[in-house]
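**Student:** Just need the structure, nothing else, for what follows:
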Amino acid sequence: MPSNRLRLIPAVIIGLVLLTIAVPRGATVQVPAQNDLDAFMQRVLTRRDDNWKKLQQYILEEQEQIDLRGPGHQPVWGEQREYSWFIRDGYFVRSPLKFNGVTIGEADRRKYEAEFLDRQRQRERRWLRGRPAEEAPDRSAGDRGASSVDGLIRQTREPEFITSAYFLRFKFEEGKYALVGHESLDGRDALRIEYYPARLFLRQQRRAEADRSDPRKARTAELERMMNKVSVVTLWIDPSMHQILQYTFENVDADFLPVQWLVRIGDVRASMTMGQPFPDVWLPRGLEVSAAFTLAVGAFDLRYALTYHDYKLADVASKVTVPSQGR
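**Tutor:** Here you go, the predicted structure:
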C-alpha cells in the first residue's frame with residue numbers, strides 16, 4: 001500500500017492551488033439591476049446548500065488521478081487510485097479497490113479501512129472537543145434510528161468526499177456579482193457570472209483577530225486579505241433551476257506569495273463540475289486542478305483530478321465489491 005506521506009499529497013496540492021488562485025478582472029456585461037442579481041445568487045447558493053445536504057445521503061465510487069510532467073512534457077510521476085465509499089459504525093469509510101491498475105489485496109484493504117475509520121473517529125472527537133453541548137449530535141436519536149440512513153448521518157461529521165468535492169465554500173456577498181453573459185455548457189443554456197469576493201479567505205484573519213500577539217497569524221491573515229483582493233470565481237448556472245453547473249478558478253497572478261525564489265507559479269485552473277445522476281438530484285461529478293510552475297531545473301505541469309460516479313443511496317448493509325483483476 002502507498003505510504004501515509006503519499007496520501008497527504010492531494011491535500012497539499014489543493015492547498016497550494018487555493019493559496020495562489022487569482023483571475024484578472026476583464027470587461028463584463030453591465031447588470032441593470034444589481035439587487036435582482038443578488039437575489040438570484042441567494043437562491044443559487046440556497047440550492048447549492050441543498051445539494052450539499054443531499055450528498056450525505058449517498059455512497060459512491062471515487063477515482064483519484066495525479067499526473068506530474070517535467071521539462072519537455074516528460075512524465076515525472078503519476079498515480080491512479082480507485083475507491084469505494086460505504087458506511088460502517090455510523091461513519092463513511094473509504095475502501096481502496098485499485099492502485100495503478102492493480103487490485104488491492106484483502107488484508108491491505110481491510111487494514112486501510114480500519115485506519116481510515118480510526119482517523120474519522122479521532123477527527124470527530126477533535127471537532128466536538130470544546131463545543132457547547134447543544135451543538136453535539138444527538139447520539140440517542142441516532143441509535144434509535146440506526147436502521148435508517150438519516151439515523152446514521154446524524155451520528156457522523158461531514159465525510160471527506162464532501163470536503164473534497166466542495167473544496168471552496170463561498171458564502172453570499174451582496175454586490176459582489178457581475179453577469180458576463182449566456183453560454184452553452186453540456187447542452188444547457190447557462191448564465192456565466194463572476195463573483196469578486198471580499199470575504200472568501202477568512203480563517204486566519206479570524207484567528208489573528210482573536211490573538212493579535214502572534215505575528216505568524218498576522219502575516220497569514222494579511223496574505224488572505226491579498227488573496228481576497230485578486231480572486232475571482234466564475235460560475236455557470238442554469239437559471240431555470242438556480243443550479244450551479246460548474247465553478248472555476250483560473251489565471252493565477254501569485255507574485256505576492258513569499259515563495260517566488262523557490263518556485264514561480266504560472267497558470268492554474270481549478271474546476272468543480274456538477275452532474276445529475278438521478279432526476280432532480282444534482283451531485284458533484286468531478287474536481288480537477290491543473291497548475292504550471294517553474295523551478296530552477298525547468299517548467300512543470302501538474303494535474304490532479306477526482307471523479308465521482310455510481311452514486312447509490314446509503315444502505316446500512318452496504319458492502320464493498322472488490323473488482324476483478326480484469327476490470
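
**Student:** Could you report the neighbour count for Pro284?
**Tutor:** A total of 22 residues lie near Pro284 under the criterion other Cβ atoms under 10 Å. Where C-beta positions appear, they are placed from N, C-alpha and C, glycine not excepted.

**Student:** The one 5 residues further on now?
**Tutor:** For Val289, the count of nearby residues is 24 (other Cβ under 10 Å).

**Student:** what's across from it in the sheet?
**Tutor:** Beta-bridge partners for Val289, by DSSP bridges, are Ala270, Tyr304.

**Student:** so how far is Pro279 from it?
**Tutor:** 30 Å (Cβ to Cβ, to the nearest Å).

**Student:** so Leu60 touches Ala314, yeah?
**Tutor:** No: the criterion here is Cβ atoms under 8 Å, and Leu60 misses it with Ala314 at 9.6 Å.

**Student:** what's the closest non-adjacent residue to Met272?
**Tutor:** In space, Met272 comes closest to Leu287 once its chain neighbours are excluded; the distance is 5.1 Å by Cβ to Cβ, 6 or more residues apart in numbering.

**Student:** Helix or strand for the one you found, just tell me which one.
**Tutor:** Here Leu287, judged by DSSP states H and E, is contained in strand 281-295.

**Student:** for that strand, which positions count as buried?
**Tutor:** Residues of strand 281-295 classed as buried: 282-293 (neighbour count, 16 or more other Cβ atoms under 10 Å).

**Student:** now the strands for the stretch 151-300 of the chain?
**Tutor:** Applying DSSP state E, counting those that start in this stretch to the stretch 151-300 of the chain gives strands spanning 177-185, 188-195, 233-238, 243-250, 264-278, 281-295, 298-313.

**Student:** how far off strand 177-185 does the fifth one point, in degrees?
**Tutor:** Looking back up the chat, that one is strand 264-278. Relative orientation of strand 264-278 and strand 177-185, computed by axes from the mean of the first three to the mean of the last three Cα atoms, to 10 degrees: 60 degrees.

**Student:** Over to the shortest one?
**Tutor:** Angle between the axes of strand 233-238 and strand 177-185 is 60 degrees (criterion: the same axes, to 10 degrees).

**Student:** helices or strands up against the strand holding Leu287?
**Tutor:** helix 4-20, helix 34-55, helix 160-165, strand 264-278, strand 298-313 (3 or more Cβ pairs under 8 Å, 6 or more residues apart in numbering; DSSP states H and E).

**Student:** Below-threshold pLDDT in the stretch 1-150 of the chain: ranges please.
**Tutor:** The stretch 1-150 of the chain contains residues with pLDDT under 70 at 1-33, 130-150.
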